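# Structure, please.
(one chain, ligands or ions: 3)
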Amino acid sequence: MQNLQIDARRLWDSLMETAQIGATPNGGLCRLTLTDPDRQVRDWFKAQCQALGCSVAVDDMGNMFARRPGKHAALPPIAMGSHLDTQPTGGKFDGVLGVLAALEAMRTLHDLGYATNAPIEIVNWTNEEGARFAPAMLASGVFAGVFSRDYAYARRDRDGKSFGEELLRIGYRGEEKAGAHKLGAMFELHIEQGPILEAEGRMIGIVQGVQGMRWYEVTVSGQEAHTGATPMRLRKNALLGAARIIERIDAIAREHAPHAVGTVGLIENRPNSRNVIPGEVFFTIDFRHPDEKILDAMEAKLRAALAEILPPMQLTYSEARIWDCPPVKFAPELIDCVRIGARQAGFITRDMISGAGHDACYAARVTPTTMIFVPCRGGISHNEAESTSLEECAAGAQVLLNAVLEFDRRLG
Ligand code: GLV
Ligand code: MN
Ligand code: MN
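Ligands and ions are numbered 1, 2, ... in the order given. The predicted structure is shown next:
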């Protein structure tokens, strides 16, 4: 078998080069989807792919597909990729590594003139993070038929701007209908975003699937009033009600230890003035667990807590589950390709389930899909301090390339 080696330094240099786009003073990235920095990194990515002779197609959700032809044009492409958008205080590796490692794999094939059986594609999925437009994985979701395009276009950020308008504004609303682009397989490399690989001294996570995720939005309403003149017994304090619910959400997740997690990550207190009793609070809830029945139980407890805690405080509320992404199992055939690819490269591996959501979850609905994980320092992610070494990034890229080539060989 021909041993195709990726160039670790070239991959690292590309990671550091793109990390200038949307760089934050603390060494992280703020490259929210469909903002100007997102456009800039897309332009960079497109130019790099075109320099390798790849054609770049963009669908009507802004998903980008850079294609290198194979020997058999009739075969559906083998895709590898992830996302270039980040959290508002994101790191340099979440998502970015998966796209740039795919670019490095493509550069390696190009340099060596290696002819694959199937076309090979790099995918950059739009709005994986869901930080600006909820829910996460919105564009891979449309690609997979989980959401309609109109639903996606109508999603609004917290400033009221719509996904559809912003996609058009940055010039990345393509012609192709999302989902019309058939893939033969999809491999996504990502940092683990948790502590397991580092703690166990293993280089590669062979990802078996992803836990289930549910997002909710809650608005608690009370009454704005003067902080100095309103006696405690007459208050309808929406923030106090929200605080008691937030405490309960943490408790619900702990009741389903060790696998359940529950988080309130976004909160808006209105009018947010130090001498006004809060009249309205909006907040989000993120529940995750590998078992849907446990998620059902957590949801029932949440609804019971809202009904029990808020009305006695003279507060009203509205709540909605805005996202339900069930647990996902990846394709055994592709997992096998990753195992072989990691063995060829000589890395110590571990089978694992992803705690984070990924576009691979939705891709898996329409094409055989799997993921590869590499460690990140201290398991820290969604943090400007997120850190993965040159060697770890290179290991992931090498296993990605090996896995793709193993899958491709089986087509020959
Ligand atoms: C995506 O980053 C998620 O898991 O929320
Ligand atoms: Mn990610
Ligand atoms: Mn993320």
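# which parts of the stretch 1-150 of the chain sit against ligand 2?
94, 95 (CB under 5 Å from the ion). Bear in mind the C-beta positions are built from the backbone N, C-alpha and C, glycine included.
# In the stretch 1-150 of the chain, what residue comes closest to ligand 1?
Per CB to the nearest ligand atom, the residue of the stretch 1-150 of the chain with the smallest distance to ligand 1 is residue 136, at 4.8 Å.
# number of nearby residues for that residue?
24 (other CB atoms under 10 Å).
# So what's the residue count around residue 382?
Under the criterion other CB under 10 Å, the count of neighbours that residue 382 has is 18.
# Leaving out sequence neighbours, find the closest residue to residue 275.
Closest residue to residue 275 apart from its sequence neighbours, by CB to CB, 6 or more residues apart in numbering: residue 227 at 4.5 Å.
# got it, and residue 264?
residue 246 (4.8 Å).
# The one you found contacts residue 263, correct?
No: look at residue 246 against residue 263 with CB atoms under 8 Å: they stay out of range, at 9.4 Å.
# Same drill for the two, tell me which one is more crowded.
residue 246 (18 against 14).
# so for stretch 254-267, what's the average pLDDT?
For stretch 254-267, the mean pLDDT works out to 98.
# got the CA coordinates for that stretch in CSV?
Extracted in CSV, the C-alpha atoms of stretch 254-267 (Å, rounded to 0.1, in the frame of the first residue of the first chain):
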residue,chain,number,x,y,z
ARG,A,254,-27.3,15.7,38.5
GLU,A,255,-30.2,13.4,39.3
HIS,A,256,-29.4,11.6,36.1
ALA,A,257,-25.6,11.3,36.7
PRO,A,258,-23.2,10.4,35.4
HIS,A,259,-24.2,10.9,31.8
ALA,A,260,-26.8,13.7,31.9
VAL,A,261,-25.8,17.4,31.4
GLY,A,262,-28.0,20.5,31.7
THR,A,263,-27.0,24.1,31.1
VAL,A,264,-28.4,27.6,31.0
GLY,A,265,-26.0,29.4,28.7
LEU,A,266,-27.8,32.5,27.5
ILE,A,267,-29.9,34.8,29.6
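# Could you find the closest non-adjacent residue to residue 380?
Per CB to CB, 6+ apart, closest to residue 380 is residue 386, 5.8 Å.
# thinking again about what came up before, the residue of the stretch 1-150 of the chain closest to ligand 1 against residue 130, yeah?
Yes: counting by CB under 8 Å, residue 130 is a contact partner of residue 136 at 2.9 Å.
# what sits in contact with each of the two?
Counting by CB atoms under 8 Å, 6 or more residues apart in numbering, the residues touching both residue 136 and residue 130 are residue 215.
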